[in-house]
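Visitor: Show me the folded form of this:
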Amino acid sequence: MDKENLLKLLGAAQAFDAVEKGHIQSTVEFVLNNPDPFNSENCVGHVTASAWILDASLQNALLTHHAKLQRWFQLGGHVEPSDKTIMSAALREAAEESGLKDLKFKDEMGIFDVDVHLIPANKKGMPDHFHYDIRFLFTTDFPDDMVVSEESLDLAWVSLSHAIEISTNASIVRMVNKTLKMTSVKYGGELDAKGF
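Guide: You can find the predicted model right below:
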């Protein structure tokens, strides 16, 4: 995995708000100060790759009901040694966790979102650690061709308004707002965890 390519992408990333600006800065510092920031065995934290997947209408997002965390999130996970780029890691994770084969990467957008969040300790001996999550936007024309992976309790296509009802996660709300801004949909102000 190429650290320099990731740093270049992070340098071009446009923060949506002050919170994401802080996430981008923290991620840059983490990548610069770690010889292998992608190593999932790093107990301090590691870079992960995620996919914000929309249907062709750009009105519905695909969320996974995470089996371990028991909450709804975008698809994504750890970077593997075989991944050549952070984008290919996000695509691999999205395909593995959804079964979708026609995912289209919106490469003109570069990084769609950056989020740093604490992951609780697990039974495998990994203590609390941070995920420096790099998210990319994908679309699909065939949203019904899905397979639920063993890492998930369920997959669901949800409207953007419903996405922030079933997941009060601040980064999901931010990605919904970014999607609305991108598609120039106006709902009389920004969204919050309470809905439109």
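
Visitor: Mind jotting down where the strands sit in the protein?
Guide: Here the chain has its strands, by DSSP state E, at 45-55, 60-66, 72-73, 75-78, 104-105, 113-119, 129-140, 152-159.

Visitor: contacts for the fifth one?
Guide: It refers to strand 104-105. The contact list for strand 104-105 (CB atoms under 8 Å, 6 or more residues apart in numbering) reads M87, L91, F136, L137, F138, T139, T140, D141. To be clear about C-beta, it is placed using only N, CA and C from the backbone, and glycine gets the same treatment.

Visitor: tell me the contacts of the second one?
Guide: Going back to what we said before, that points to L91. A51, L103, F105, F136, F138.

Visitor: neighbour-wise, which of those residues leads?
Guide: Within the contacts of L91, neighbour counts (other CB atoms under 10 Å) peak at A51, which reaches 28 neighbours.

Visitor: Show me which parts of the helix or strand bottoming out on mean pLDDT in the chain are buried, residue by residue.
Guide: Least confident helix or strand, the chain: strand 152-159 with a mean of 82, by mean pLDDT, DSSP states H and E. Across strand 152-159, burial judged by 16 or more other CB atoms under 10 Å covers S152, L155, A156, W157, V158.

Visitor: now the helix ranked longest in the chain: how far from the chain's centre is it?
Guide: In the chain, assigned by DSSP state H, the helix with the most residues is helix 18-32. Centroid separation between helix 18-32 and its chain, computed with CA atoms, centre = their mean, to the nearest Å, is 15 Å.

Visitor: Which pair of the contacts of L91 spans the longest distance?
Guide: Distance extremes for the contacts of L91: the farthest pair is L103 and F136 at 10.0 Å, using CB to CB.

Visitor: anything in contact with each of the two?
Guide: A51, L91.

Visitor: about what we covered before: what packs against the longest helix of the chain?
Guide: Packed against helix 18-32 by the contact rule (3 or more CB pairs under 8 Å, 6 or more residues apart in numbering; DSSP states H and E) you find helix 3-12, strand 45-55, strand 113-119, strand 129-140, helix 170-182.

Visitor: which of the ones you listed is buried the deepest?
Guide: Among those, judged by mean count of other CB atoms under 10 Å, the one packed with the most neighbours on average is strand 45-55 (a mean of 24).

Visitor: number of nearby residues for the residue lying closest to K84 once chain neighbours are set aside?
Guide: Nearest non-adjacent residue to K84, counting by CB to CB, 6 or more residues apart in numbering: M1, 7.4 Å away. By other CB under 10 Å, 20 other residues sit near M1.
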